[in-house]
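Student: Could you look at this predicted model? Sequence included:
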Amino acid sequence: KFFGVFATIFGGFVGGYCSYKFGTMKCLFFGALIAALSNLLFAWLAVSPISINFLIAVITADNISSGFAGAAFVIYLSGLTSIKFTATQYALFSSIMLFLPKLIAGYSGAWVDVMGYSNYFILTALLGVPVLFLIYWIGITAPIKDK
């Protein structure tokens, strides 16, 4: 957990810098892509021989990708809020964002029991595909003005 915090912070800094340099929507798309791909690493970990180094690498990649995606998403949500009601709108947006994942997370253990670890993580990676399409669609009609 100690090393993972620094990997997440590093990913957040990289995500914030890339959002500034390349634009919010591009980094939001890339963050969603690497977050989904990091779940495929967990599927690979579930079927590979036991290796502590591979476990460390997979967890590090997951933490960096979640930090990157999280920073890009915070920037995106911040761009959607009105200056007049920033705190209220951001609190509502972030609560709505976390509602469904937190609800589903409670049942993830049962899903793993039915599907197995490898298939579960493949499914979670596939759940990222509609997210990528939504980000692409929103990027076409985005109210946020990127560089």
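Tutor: Yes, it's here.
Student: Hmm, Leu45 and Leu55 touching each other?
Tutor: Yes - judged on CB atoms under 8 Å, Leu55 makes contact with Leu45 at a distance of 6.5 Å. No exception for glycine: its C-beta is placed from N, CA and C like everyone else's.
Student: for the worst-scoring helix or strand of the chain on mean pLDDT, packing partners?
Tutor: Among the secondary structure pieces of the chain, namely its helices and strands, helix 86-105 has the lowest mean (mean pLDDT, DSSP states H and E), a mean of 85. Packing partners of helix 86-105 (3 or more CB pairs under 8 Å, 6 or more residues apart in numbering; DSSP states H and E): helix 52-80.
Student: now the helix it packs on against helix 86-105, angle please.
Tutor: Our comparison of helix 52-80 with helix 86-105, counting by axes from the mean of the first three to the mean of the last three CA atoms, to 10 degrees, yields an angle of 140 degrees.
Student: for helix 52-80, packing partners?
Tutor: Under the contact criterion of 3+ CB pairs under 8 Å, 6+ apart, helix 52-80 touches helix 2-22, helix 24-47, helix 86-105.
Student: mind listing what's buried in that helix?
Tutor: Neighbour-count burial for helix 52-80 flags 58-77 (criterion: 16 or more other CB atoms under 10 Å).
Student: likewise stretch 119-134?
Tutor: Using 16+ other CB under 10 Å as the test for burial, stretch 119-134 gives Tyr120, Phe121, Ile122, Thr124, Ala125, Gly128, Val131.
Student: so who does the fourth one touch?
Tutor: Looking back up the chat, that one is Thr124. Taking CB atoms under 8 Å, 6 or more residues apart in numbering as the definition of contact, the neighbours of Thr124 are Ala36, Asn39.
Student: Tell me which helix or strand comes right after the helix or strand containing it.
Tutor: Mapping Thr124 onto the secondary structure by DSSP states H and E places it in helix 117-126. The first helix or strand that comes after helix 117-126 along the chain, using DSSP H and E, is helix 128-140.
Student: All set now, cheers.
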